[in-house]
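>>> Here is my input, please return the structure:
(2 chains)
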Amino acid sequence: MNAASRIFRARQAMGRTVRGPALVAHDGFSARYDLDRMAGIFSRPAHKLAGQSYVGRILVLDTAKGGVATAWMLHEMQSRGIVPLALVFNSVNPILAQGAALGDVPMLAGFDEDITAAIPNGAQVEVNPQASSISIVA
Amino acid sequence: MIPAPPWIDWDELTGMKLNDEEQDILAGKSGVLPQQALAHQKSVGEFFGAADFVPVTQAHIMADTESLGEAGVLWLERLAATAEGQRQVRIPTITDPRGTDFAKAASLGQTQAMLDLERRAIEAFVRLGVTMTDTCINYQTVQAPISYEHVAFGDTGVVIYSNSVCGARSNFEGGPSALAAGLTGRTPRYGFHLPELRRATLHFRVEFTPASLNEWGALGGVIGRLAGNYWAVPAIEGIEGVPKSDQLKHFGAAMASFGSTALFHIIGITPEARRLSDVAATGLPGHRVTRADVDALQKSYLVDDGVDVVVFSAPQLSLYELRDLAALCEGRRFAVPLLAVTSPQVKPDCDRMGYTARIEDAGGSVLAGMCFYQSYAREIAEAKGWNRLATNSAKLVNILGGYGYRPMLASMEACVDAAVSGRLA
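Purely as a prediction, here's the structure:
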């Protein structure tokens, strides 16, 4: 199947429709553990996206990791505009959902396949929480 | 691949059922703050397929200002500007560590702007009726929850200990959601509030029973990494003897940190698992954990033998840990800074028993009401020139890599020796 035409359905969805480049890795996510939130990059050396900017990207990752701070940090990151455009995960924990709700960051979770293997890194994607979907547009 | 939360029949989802009181709250009849709080809780609850709300008896808010930033503090101040009598929490609601110990802020290189932001956050919380306990060991120092008690706790270490060791019921509640629970007296019933989600999903055969706190933390880290996500519940067999509270504190805090894990069962020890069959079906996926696994996790952090600073924190130290540390400091003289961080409840006893004097006479510093990684750790590193950090906390080494440190995990004894010599043997 042509990857550019594929639509993937999520079981859990929240927020607005957005379109942008995907930043993809089969790794976890914690705003406190993994990010330099001032510079807008992944800073934990062992993270698969270490050194890469997440600003304006649709993050496609495996699962939520670590502590509760992300619940505040997405809101703070949104206030400065140094924030991912959306979060698309195989699985999330309550902290990410609480943080996305407060920080107004669109989010999808729960797919029938490994979403980090399905979305090519750098692809242009559309996240549509009303339709509970992510689609590759280019 | 990690499955979605397994308790939801997404095709049958009909939205949360609200009782009369909750409908009144959502209609604004209890004021604007409970209304906003319940709306936030409802959106999170519906995301996770919650059927209804469950009353909670206590809330615990993680809200250091490094996490909140100016935006979070302004958000709190807007809530706190609500009229008197319409803004107070309705259940005991306490706080996780602050971003500083005001008495020692200068020695950490923290700026006036950081302290001003902390003061504003504290003032807002007090206006909301929140009790500023500033502790991540409330289960040791304030009031441990009891079995079957539904609570809304923040700080992953607090949640995993309360769920696993106390038998209480809590999800990870981030600061905004824990405050919402304080304002409404309830939380969405999903995740670990549901009996079926508390059953084990993985079996661990442990062939090594740790002795030191760093080993307990490392074992928790190994299991957390293997568990891998919030919805995994490890059932653990093979632990010899009965662990102490501080040992399970480090074990759970590290498991939660490495794995985002919120509940474990140690068969024959923790209250829900007198027998494996109490919590686990037969044929669960299994792992074997050996001493080599624990040693490998610890050695993976030992990248240097030089040490710039020694930190005991994450979680805050109990009186017993401080007693042990004070004994190790007796007659020593530190060449590099040594910080020991505890709760405001423990610190007066630490002073009274002479532990603080023994640690500080050796050149160390006892701080209270903060936790190292929640206190602008990146800015502290830059201000103080600290990079190579020795600690006995597996949780702390897991966190601080992202903050620009080279954290190293060793025993309390080896860390104190490193404070004397500047080298980690």
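
>>> Where does the prediction get shaky in chain A?
A:1-5 (pLDDT under 70).

>>> swap the cut-off to 80 and go again
Applying pLDDT under 80 to chain A flags residues A:1-5, A:66.

>>> If we ignore the residues flanking it in sequence, what's nearest the residue in it positioned nearest to chain B?
Chain A approaches chain B most closely through A:Ala71 (2.2 Å), counting by CB to the nearest CB. Placement of C-beta: from N, CA and C, glycine included. Distances taken as CB to CB, 6 or more residues apart in numbering or on different chains place B:Gly174 nearest to A:Ala71, at 2.2 Å, with adjacent residues excluded.

>>> related to what we said a few turns ago, now the residue of chain A closest to chain B: how far from B:Gly129?
Distance, A:Ala71 to B:Gly129, using CB to CB, to the nearest Å: 20 Å.

>>> ok, now B:Gly228?
38 Å.

>>> Pick out whichever of these two has more residues nearby.
Ranked by neighbour count (other CB atoms under 10 Å in any protein chain shown), B:Gly228 and B:Gly129 place B:Gly228 first, with 19 against 16.

>>> Could you pull up the contacting residues of the residue nearest to the more buried one when sequence neighbours are not counted?
Leaving aside its chain neighbours, B:Gly228 sits nearest to B:Gly259 (5.8 Å; criterion: CB to CB, 6+ apart). Residues counted as contacts of B:Gly259 (CB atoms under 8 Å, 6 or more residues apart in numbering or on different chains) are A:Lys65, B:Ile223, B:Gly224, B:Arg225, B:Leu226, B:Ala227, B:Gly228, B:Asn229, B:Ala232.

>>> And B:Gly259, how far from B:Val294?
As judged by CB to CB, B:Gly259 and B:Val294 stand 15 Å apart.

>>> Kindly check the end-to-end length of stretch B:124-139 for me.
End-to-end span of stretch B:124-139 (CA to CA, to the nearest Å): 25 Å.

>>> What average pLDDT does that stretch get?
In this model, stretch B:124-139 has a mean pLDDT of 98.

>>> buried stuff in that stretch?
Neighbour counts over stretch B:124-139 (16 or more other CB atoms under 10 Å in any protein chain shown) mark B:124-125, B:127-130, B:133-139 as buried.

>>> Also stretch B:411-425?
So, applying 16+ other CB under 10 Å, buried residues of stretch B:411-425: B:Ser411, B:Met412, B:Ala414, B:Cys415, B:Val416, B:Asp417, B:Ala418, B:Ala419, B:Val420, B:Leu424.

>>> Need the residues that contact it.
B:212-215, B:302, B:304-307, B:310, B:312, B:321, B:324-325, B:328-329, B:332-338, B:362-364, B:390-392, B:408, B:410.

>>> can you tell me the residue of the stretch 201-350 of chain B closest to chain A?
Counting by CB to the nearest CB, the stretch 201-350 of chain B gets nearest to chain A through B:Tyr230 (3.6 Å).

>>> my read: that residue touches B:Met255, true?
No. B:Tyr230 is beyond contact range of B:Met255, at 11.6 Å (criterion: CB atoms under 8 Å).

>>> Next, count neighbours for A:Arg19.
15.

>>> what helices or strands is whatever helix or strand it lives in leaning on?
A:Arg19 is located in strand A:18-24, with elements delineated by DSSP states H and E. Strand A:18-24 is packed against strand A:58-64, strand A:86-91, strand A:124-128, with contacts defined by 3 or more CB pairs under 8 Å, 6 or more residues apart in numbering or on different chains; DSSP states H and E.
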